[in-house]
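Participant: next come a sequence and a model predicted from it.
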Amino acid sequence: MLPDHQTNELPAAVDDAVLLKRICEFVADAADCSPEQVGADDDIYQALHVDSLGAMAIFIDISYEFRVPEPDSDTEFAALNTPTKLLAYVRARSSFTPEPTLQTIAQRIPTDLSALSPYGDAFRFIESVLLYDSNRVVTEMTWRLENPLIMAHFRAGPHVVPGTLLSEQVAQSALLLARLEGILAPGEHLMLTQLRSEFRAPAEAPVATQAEVRFRATVRGHFGFGGFCRIGETEVARVKGIASRALGYE
Amino acid sequence: MRPAVAALGAVTSLGKDWPTTWQALLRGARSSVLFADFDTPRSLHVPDEVPVSAIPELERSLTSDGCGAAGRLVRSVLEQITLPGLGVIRLYGASNHSETDILLCLSQNEAAPSSLWRALLIDAMPDSLSWNLGTWVYSACTSSSHALAAALLDFADGESQDAIVVSADALSSIAVAGFWRAQATTHKTCTPFQEQRDGILIGEGAAGLRLRPPSRTSDGQIHLLGIGMSCDAGHPTDPDPTGTWLEQAIYDAINWAGFSPQDLRGIVSHGTGTKKNDAIEASVYHRIWPNAEVPITSIKGAIGHTMGAAGLCNVLVAVEASRTGLLPPTVSNGSNSIEGIDLVRDSARQIEVGAPVLAVASGFGGNNFACIVG
């Protein structure tokens, strides 16, 4: 299940069955199975073989979607091991607040991308920043036919922009956002530890894609982010990932 | 914890197991055939005269569940390094392009079985071969290096007691065509670090090693002493022209192991035989060892660039070099070596038995890896 920033629901307004179904979808995502295979009282670790990163993804989904804080301790974290227990946790800890609307967002556009991004010119898939405000950035990349990465992809055409590059644009935008938000110390980077992408439509070069990214939740020091890649109004990819702090070389 | 290397396994163009491969490397043997003589689907144009290093008699057909040459190579190495009654063991696998020929098969056969499509989507090799707790890494030519790093880090965290690291890549016309179009393939003989070098010998192969906790007695075993990794993210395919990030990875490995550069006695280099890589890599070694104190070798002229398995192949050579006190020679064409390094060529070089040896690997995406064994 991928992020949909515009449709967060207040848990109190929905009944338990709907909430539980949503939680089971998150668990199924992490367990790489269908939601129908997830039982309400299944142990997500023992029965569904969710690993520590998968558990992180579940809590990031829940934290973001239902505005609940992360568990206070590792013991509590480990004890929330079934969809039913997760549902009870959401009911007990949810504090939904609406997100700021687009109209409240002022545009502050950084220009010096090379100072904010560790990538070389040929590896940077952000050409400009269209919008930035608290926890939200929109970037743009123009995929030209003469770009060697595009030339080599379907040499006889059509020159479809590889999905991995669209995902990379979103991931690089997440790192850029982290820098703009000032959540990284000097010398720190974000290391991508998990990424899931859904592709909705082909992006055929030459084309400009806009990536919109925001951080969804922080759990145990790992950052969950979600984003879209669009061509104008057409959504071409949905991406969500988890990144962790990592020391880099400056 | 510094895990001990308990077993080595390999299948290369020079041998169907590791001992045969090692002896051939020491003799200075090399193996290459023309692409024209290589039996693979030909949906992409590659000139017949492009040399490749192919494993003789390797079965290349694709089973309906998507297991082909790469999967068979992995199985062969696992048979070499797995002991009966080993119990639960962590498996770390790696590949660059895995069963890429699934793509060719699907593109050429409209009636391809649906199982092949599923194999492509979920990746045939891990699905058919992975064990419980298997970790599979795909990071271009540093795939097996990163798999080894994952294993070592799990040892360091106390999460692992026994582990197997295995990697394989089989020749694929897709991969050969890609390097040929990039004008990176050699025309005749791959001669790393020599002035007349002209490119990579694309190869295939598999390598594996079994790790276990170090024993309390000094029994002559070789251990993994330290690793270093970096990613410069400068260019999708070109190496970082400054070599700064490779240098940093090497220093990180040296620091992890608790050594100084002068403690090392040998280097098994990435050494692809391309103009760019070898010049940059040699400059890094020259900066770290300005008097060329440490002998350097490359095996890519002998068995070719085994893609995802290349990093692990280098580690196997480093382990055996430390264990036996012999560094195998680099394939030579008689031209001068790049200045500023001590290239092992013509015959094997003796080094101190048990001495620390450095293995290096680099890969697309700006990945650099260094590992010290001894």
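Facilitator: Received it, and whenever you're ready, just let me know what you need.
Participant: so what's the residue count around residue B:251?
Facilitator: Residues within reach of residue B:251, counting by other CB atoms under 10 Å in any protein chain shown, total 15. C-betas here are computed from N, CA, C, even on glycine.
Participant: give me the secondary structure label for it.
Facilitator: helix (DSSP: H, G, I helix; E, B strand; the rest coil).
Participant: isn't it right next to residue B:228, touching?
Facilitator: Yes. Counting by CB atoms under 8 Å, residue B:251 does reach residue B:228; the two are 6.8 Å apart.
Participant: could you measure residue B:303 against chain A, distance?
Facilitator: According to CB to the nearest CB, to the nearest Å, residue B:303 stands 27 Å off from chain A.
Participant: excluding chain neighbours, what is closest to that residue?
Facilitator: residue B:12 (4.5 Å; CB to CB, 6 or more residues apart in numbering or on different chains).
Participant: which single residue of chain B ends up nearest chain A?
Facilitator: residue B:234 (3.2 Å; CB to the nearest CB).
Participant: quick check, that residue in contact with residue A:124.
Facilitator: No. Between residue B:234 and residue A:124 there is no contact under CB under 8 Å: 9.7 Å.
Participant: neighbours of the residue nearest to residue B:303, how many?
Facilitator: 30.
Participant: so it makes contact with residue B:300?
Facilitator: No. Between residue B:12 and residue B:300 there is no contact under CB under 8 Å: 11.3 Å.
Participant: could you point out which element follows the host helix or strand of residue A:53?
Facilitator: Residue A:53 belongs to helix A:52-66 when elements are defined using DSSP states H and E. Scanning forward in sequence from helix A:52-66 by DSSP H and E, the next helix or strand is helix A:74-79.
Participant: I'd like the mean pLDDT over that next one, please.
Facilitator: The average pLDDT for helix A:74-79 rounds to 86.
Participant: equivalent analysis for stretch B:169-180, please.
Facilitator: Mean predicted lDDT for stretch B:169-180 stands at 87.
Participant: pull the distance from that stretch to the chain's centre.
Facilitator: 16 Å (CA atoms, centre = their mean, to the nearest Å).
Participant: can I get that stretch in CSV? Just the C-alpha atoms.
Facilitator: Output of stretch B:169-180 as CSV, limited to C-alpha atoms (Å, rounded to 0.1, in the frame of the first residue of the first chain):
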residue,chain,number,x,y,z
ASP,B,169,27.0,-14.6,-12.9
ALA,B,170,26.8,-16.4,-16.3
LEU,B,171,27.7,-14.9,-19.6
SER,B,172,24.8,-13.1,-21.2
SER,B,173,24.6,-11.5,-24.5
ILE,B,174,22.8,-8.6,-22.9
ALA,B,175,25.8,-7.9,-20.6
VAL,B,176,28.4,-8.5,-23.3
ALA,B,177,26.5,-6.2,-25.7
GLY,B,178,26.3,-3.5,-23.1
PHE,B,179,30.1,-3.4,-22.4
TRP,B,180,30.9,-3.7,-26.1
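Participant: next, count neighbours for residue A:206.
Facilitator: 13.
Participant: give the contact list for it.
Facilitator: A:142-145 (CB atoms under 8 Å, 6 or more residues apart in numbering or on different chains).
Participant: residue B:137: which of those is nearest?
Facilitator: Nearest to residue B:137 among these is residue A:143, at 28.1 Å by CB to CB.
Participant: who does the closest one bridge with?
Facilitator: Beta-bridge pairing of residue A:143 under DSSP bridges involves residue A:207.
Participant: how deep is it tucked in, by neighbour count?
Facilitator: 24.
Participant: likewise for residue A:36?
Facilitator: Around residue A:36 there are 8 residues (other CB under 10 Å).
Participant: what do you get for the one 5 residues further on?
Facilitator: The number of residues packed around residue A:41, counting by other CB under 10 Å, is 10.
Participant: thought it was touching residue A:86?
Facilitator: No. Residue A:41 sits out of contact with residue A:86 when judged by CB under 8 Å, with a separation of 11.1 Å.
Participant: could you list the low-confidence segments of the stretch 1-150 of chain B?
Facilitator: Across the stretch 1-150 of chain B, residues meeting the criterion (pLDDT under 70) sit at B:39-43, B:65, B:84-88, B:101-133.
Participant: got it, and chain A?
Facilitator: For chain A (pLDDT under 70), the answer is A:1-13, A:95-111, A:155, A:248-250.
Participant: go ahead and flag the most central residue of it.
Facilitator: Centroid-nearest residue in chain A: residue A:226, 2.2 Å away (criterion: CA atoms, centre = their mean).
Participant: helix, strand, or coil at that one?
Facilitator: strand.
Participant: ok, residue A:198 next?
Facilitator: Going by three-state DSSP: residue A:198 is strand.
Participant: and it, how far is that from chain B?
Facilitator: Distance from residue A:198 to chain B, by CB to the nearest CB: 14 Å.
Participant: nearest residue to that residue in space, please, no chain neighbours.
Facilitator: Nearest non-adjacent residue to residue A:198 (CB to CB, 6+ apart): residue A:238, at 4.6 Å.
Participant: what does chain A put close to chain B?
Facilitator: A:118-120, A:122-123, A:149, A:152, A:249 (CB under 8 Å from any CB of the partner chain).
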